[in-house]
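Q: Turn this into a structure:
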Amino acid sequence: MCYFKSVLFAFLLGITSWLPLYAQSTDSISFEDIPLTWADFTPSNAKIDGKTAALAMHTLMTIEQSEEGWVWVRATMQQVKANSYVYKPFLDTASDVRKQALLRHEKGHFIIAVLKQIWLEDTLNTIQLKKSLGLEQQLKPVFVAIESKGSKLQQQYDKDTYHSTIADEQQKWEQRLLKMLNEAMQGRNSFPFEIERRIRLR
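A: The predicted model follows:
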């Protein structure tokens, strides 16, 4: 076989980190099950963009096509720890309660990142690609739509909770995000950090 490879996107999401797969039990996923700690962040002596903490993740999208008419789509979520930061004075002086509250907020961003990957996986399971149209022409709108949907959710999350400082709103969002995640994870036994799908051109 002869293949050509085209790297279409490396989405810079500013959300999460590369973490072990979650093996789901019969119980619902809780915030305690999200494998994220302050060790996944790089301490910074200055706030960046006025934020106390932020997670950084790339989702690398690659496309391969064979001469026989098959297309392989791969999506890999990866952490860039150097760009995942937490304000060091906050870690040194904040109470354990406040540090835990902010970490839970960042776990919410993690959940949204996983949801985006699940939306992509579900889309790739049903998408039909046409031989008569270019791959980028057909796939790019799909990727952009998922990115837009996730970004809007991230922004609304930060706006409503004011980055975790509005406790009652944070609690509401935690419940909302866990409900979305548990529903989306039905039939899955791990977070889909790596997706690979083979699609037949029609």
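Q: May I see the buried residues of stretch 168-179?
A: Neighbour counts over stretch 168-179 (16 or more other Cβ atoms under 10 Å) mark 170, 173-174, 177-178 as buried. To be clear about C-beta, it is placed using only N, CA and C from the backbone, and glycine gets the same treatment.
Q: Can you pull out the low-pLDDT segments for the protein?
A: Along the chain, the parts satisfying pLDDT under 70 run over 1-26.
Q: Select the longest helix from it.
A: Criterion DSSP state H: the longest helix present in the chain is helix 96-126.
Q: Give me the distance between the next helix or strand after that helix and the centre of its chain.
A: Next in sequence after helix 96-126, counting helices and strands by DSSP states H and E, comes helix 135-161. Here helix 135-161 is found 11 Å from its chain centre; the criterion is Cα atoms, centre = their mean, to the nearest Å.
Q: angle of the helix or strand just after helix 135-161 against helix 135-161?
A: Counting by DSSP H and E, the element after helix 135-161 in chain order, helix or strand, is helix 167-184. Comparing the axes of helix 167-184 and helix 135-161 via axes from the mean of the first three to the mean of the last three Cα atoms, to 10 degrees yields an angle of 150 degrees.
Q: and whichever helix or strand comes after helix 167-184, which strands flank it?
A: Heading C-terminal from helix 167-184, the first helix or strand you meet, by DSSP H and E, is strand 194-200. Strand 194-200 pairs in its sheet with strand 70-79 (antiparallel), by DSSP bridges.
Q: May I see the buried residues of the partner strand?
A: For strand 70-79, by 16+ other Cβ under 10 Å, it's 71, 73-77, 79.
Q: and what of stretch 56-75?
A: 56-59, 61-63, 65, 71, 73-75.
Q: What of stretch 127-135?
A: 129, 135.
Q: ok, and what's touching that stretch?
A: Residues from elsewhere that reach stretch 127-135 (Cβ atoms under 8 Å, 6 or more residues apart in numbering): 6, 63, 65, 69, 71, 138-139, 142, 199-202.
Q: Mind doing that once more with 7 Å?
A: Contact with stretch 127-135 is made by 63, 65, 69, 71, 138, 142, 199, 201-202, as judged by Cβ atoms under 7 Å, 6 or more residues apart in numbering.
Q: Out of those, flag the one nearest to A94.
A: V142 (41.0 Å; Cβ to Cβ).
Q: I'd assumed D122 was in contact with the closest one.
A: No: using Cβ atoms under 7 Å, V142 is not in contact with D122, being 11.1 Å away.
Q: related to what we said a few turns ago, take the buried residues of stretch 168-179 and write them to a markdown table, including distance to G50.
A: Formatted as a markdown table, the buried residues of stretch 168-179 follow (distance: Cβ to Cβ, whole Å):
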| residue | distance to G50 |
| --- | --- |
| Q170 | 19 |
| W173 | 20 |
| E174 | 23 |
| L177 | 24 |
| L178 | 28 |
